[in-house]
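# below: sequence and its predicted model.
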Amino acid sequence: MQGVTVAEHPLIQHKLSLVRERDRSSKTFRELLRELGMLLCYEVTRDLPLIDTEIETPMARTAARRIAGKKLVIAPILRAGVSVAEGMLDLVPTARVAHIGLYREPETFTAIEYFFKAPVDLAERLVIVVVPVLATGNTAVAAVSGLKERGAQQIRVVCIIGATPGIERFQLAHPDVLIWTASIDDALDEKGFIVPGLGDAGDRAYGTR
């Protein structure tokens, strides 16, 4: 799909298979989300601009390269997005964090916001929105809309699994925002869950229903 990058790295695809399995404990599920977060962070940041500089090694001065501009903002959608974001923060510990609290109303699938806290200088930073699963697309659309309202201009979305209907819905609302995912699944069931998917990521991560 145009505007969507599927990360085909063998480690990502292997861990995706593990996280999909029904009988994973909550502990293992969270650990796998964290590991997938780190691996997907490599993919979504692959084209960050660099600047040339000089550093002093123990042996001599040498040319080096560093990331240009201000640090990233990682913006997980609560709850399960936090585990994925923790893996990204392991890789980029200096990134700032925006927390986005949204839940999906079970009858209409409308995204309801209950918490939103973000750095004030979003306009100056690349924001990576972490959506564990992009199913109907409604929570992802609401999260990105909220970030844009608060000044964000450079936004990318990372999800473990995206569903074709949700991706299409998201792209209609935000055609300027690119998506990175480990898999695109075709269908949603009558409750708006991705099939085959991985179930309710928040419930599986925290042992709730």
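Looks like it came in fine.

# run through this structure and note the low-pLDDT ranges.
Along the chain, segments meeting pLDDT under 70 are nowhere present.

# closest to the centroid, which residue in it?
Val130 (2.3 Å; C-alpha atoms, centre = their mean).

# now it: which helix or strand?
Here Val130 is covered by strand 126-134, with elements defined by DSSP states H and E.

# again, but for Pro76
Element membership for Pro76 (DSSP H and E) is strand 73-78.

# what angle sits between that strand and strand 126-134?
Strand 73-78 runs at 20 degrees relative to strand 126-134, counting by axes from the mean of the first three to the mean of the last three C-alpha atoms, to 10 degrees.

# return the list of strands paired to strand 73-78, each annotated with direction.
strand 96-97 (parallel), strand 99-104 (parallel), strand 126-134 (parallel) (DSSP bridges).

# how about the ones you listed, which one is nearest Val84?
strand 126-134 (4.9 Å; C-beta to C-beta). C-betas here are computed from N, CA, C, even on glycine.

# helices of this structure, residue ranges please.
Taking DSSP state H, the helices of the chain run over residues 10-20, 26-44, 81-91, 138-149, 164-173, 201-206.

# in CSV, list those along with mean neighbour count and distance to Arg61.
Output for the helices of the chain, formatted as CSV (neighbours: other C-beta atoms under 10 Å; distance: least, C-beta to C-beta, whole Å):
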stretch, mean neighbour count, distance to Arg61
helix 10-20, 16, 36
helix 26-44, 20, 29
helix 81-91, 23, 28
helix 138-149, 21, 41
helix 164-173, 18, 47
helix 201-206, 19, 47
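
# what residues are up against the residue nearest to the centre of the chain?
Counting by C-beta atoms under 8 Å, 6 or more residues apart in numbering, Val130 touches Gly37, Ile74, Ala75, Pro76, Ile77, Gly81, Val84, Ala85, Met88, Val158, Cys159.

# if we use 6 Å, what do you get?
Pro76, Gly81, Val84, Ala85, Val158 (C-beta atoms under 6 Å, 6 or more residues apart in numbering).

# thought the second one was touching Pro132?
Yes: with contacts defined as C-beta atoms under 6 Å, Gly81 counts as touching Pro132 at a distance of 5.4 Å.

# contact partners for Cys159?
Val131, Leu134, Thr181.

# chain neighbours aside, what residue packs nearest to Ala64?
Ile55 (4.6 Å; C-beta to C-beta, 6 or more residues apart in numbering).

# try Asp121
Using C-beta to C-beta, 6+ apart, the closest residue to Asp121 is Lys70 (7.4 Å).

# could you export the contacts of Val130 as a markdown table, including distance to Pro93?
Below are these laid out as a markdown table (distance: C-beta to C-beta, whole Å):
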| residue | distance to Pro93 |
| --- | --- |
| Pro76 | 15 |
| Gly81 | 18 |
| Val84 | 15 |
| Ala85 | 12 |
| Val158 | 17 |
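
# hang on, the earlier thing: how about the helices of the chain, which one is nearest Leu126?
helix 26-44 (9.3 Å).

# helices and strands around that closest one, which ones?
helix 10-20, helix 81-91, strand 154-163, helix 201-206 (3 or more C-beta pairs under 6 Å, 6 or more residues apart in numbering; DSSP states H and E).
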